[in-house]
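J.: What follows is a predicted protein model with its sequence.
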Amino acid sequence: MTCIYVRKATEKDLPAISDIINAGRGFLKEQGINQWQGAYPTNDDIKRDIDNGIAYVIDVNGDVAGSATLHLGIDPDYLKMEEGEWKNGSEAHYSAIHRVSVSHNYRGQGLAYKLISGMLTISALLGFKDVRIDTHPKNEGMQHIILNSGFTKRGVIQTKMEEDDRFAYQIELD
């Protein structure tokens, strides 16, 4: 039987997360998507998130199969939106899911959905009913996952880490 669950990342997970992010960077490049093609996210970014307790992994039988970050509170990148607006305003009480990535060894098994579902559960348990996420306009695979996870597209944002616009999505939990 397979045991799959989401847990907080620890420092010992850093090499696996870094490998997953770097493989994801290559996968995006193969598709011609200009996301994660610079230095971001760096190992320092990942370590900082682990140290701050906002980095998570999806664990499959003891293996790190994917990772995500759950930013709690106002995300500076989400303050200004073009071509739309956040349902509860740009300074609402929300969490934001970032850097969702699944190992190429586990691609096609629906783990990105489970990882996002885990992030939604953690958000709700922490009192965040408004959850936001963004992705590159050419990242159609991630857009599909986001929309099929119940999010609604709200508009376009610009991130400080990368130069291209991002499609921004939002879900309100009961």
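T.: The structure has been received and is ready for your questions.
J.: The protein: helices as residue ranges?
T.: All helices of the chain, identified by DSSP state H, fall at 14-30, 43-51, 111-125, 140-148.
J.: Relative to residue 88, which of the ones you listed is closest?
T.: Comparing the helices of the chain against residue 88 with C-beta to C-beta, the closest turns out to be helix 111-125 (13.9 Å). Every C-beta, even on glycine, is put in place using the N, C-alpha and C of the backbone.
J.: List the contacts of the closest one.
T.: Helix 111-125 is contacted from outside by 4-6, 56, 58, 60, 65-68, 70, 95, 97, 100, 102, 129, 131, 133, 142, 145-146, 148-149, 171, 173, using C-beta atoms under 8 Å, 6 or more residues apart in numbering.
J.: of all the helices of the chain, which gets the most neighbours per residue?
T.: Stretch with highest mean neighbour count among these: helix 111-125 (a mean of 19; mean count of other C-beta atoms under 10 Å).
J.: Report the mean confidence score over that helix.
T.: In this model, helix 111-125 has an average pLDDT of 98.
J.: residues touching residue 80, list them.
T.: So residue 80 contacts 90, 157, 158 (C-beta under 8 Å, 6+ apart).
J.: neighbours around residue 35, how many?
T.: For residue 35, the count of nearby residues is 21 (other C-beta atoms under 10 Å).
J.: Could you give the number of residues near the nearest residue to it once chain neighbours are set aside?
T.: Residue nearest to residue 35 in three dimensions, not counting chain neighbours: residue 136, with 4.0 Å by C-beta to C-beta, 6 or more residues apart in numbering. A count of nearby residues for residue 136, using other C-beta under 10 Å, gives 21.
J.: Make sure residue 136 is actually in contact with residue 166.
T.: Yes. With contact defined as C-beta atoms under 8 Å, residue 136 counts as touching residue 166 (6.2 Å).
J.: Model confidence score at the residue nearest to the spatial centre of the chain, please.
T.: Note on the chain: the residue nearest the mean C-alpha position is residue 98, at 2.8 Å, using C-alpha atoms, centre = their mean. For residue 98, the model assigns a pLDDT of 97.
J.: Please name the bridge partners of the closest residue to it other than its chain neighbours.
T.: Spatial nearest neighbour of residue 98, excluding adjacent residues (C-beta to C-beta, 6+ apart): residue 69 at 4.4 Å. The partner list for residue 69 in beta bridges (DSSP bridges) reads residue 55, residue 98.
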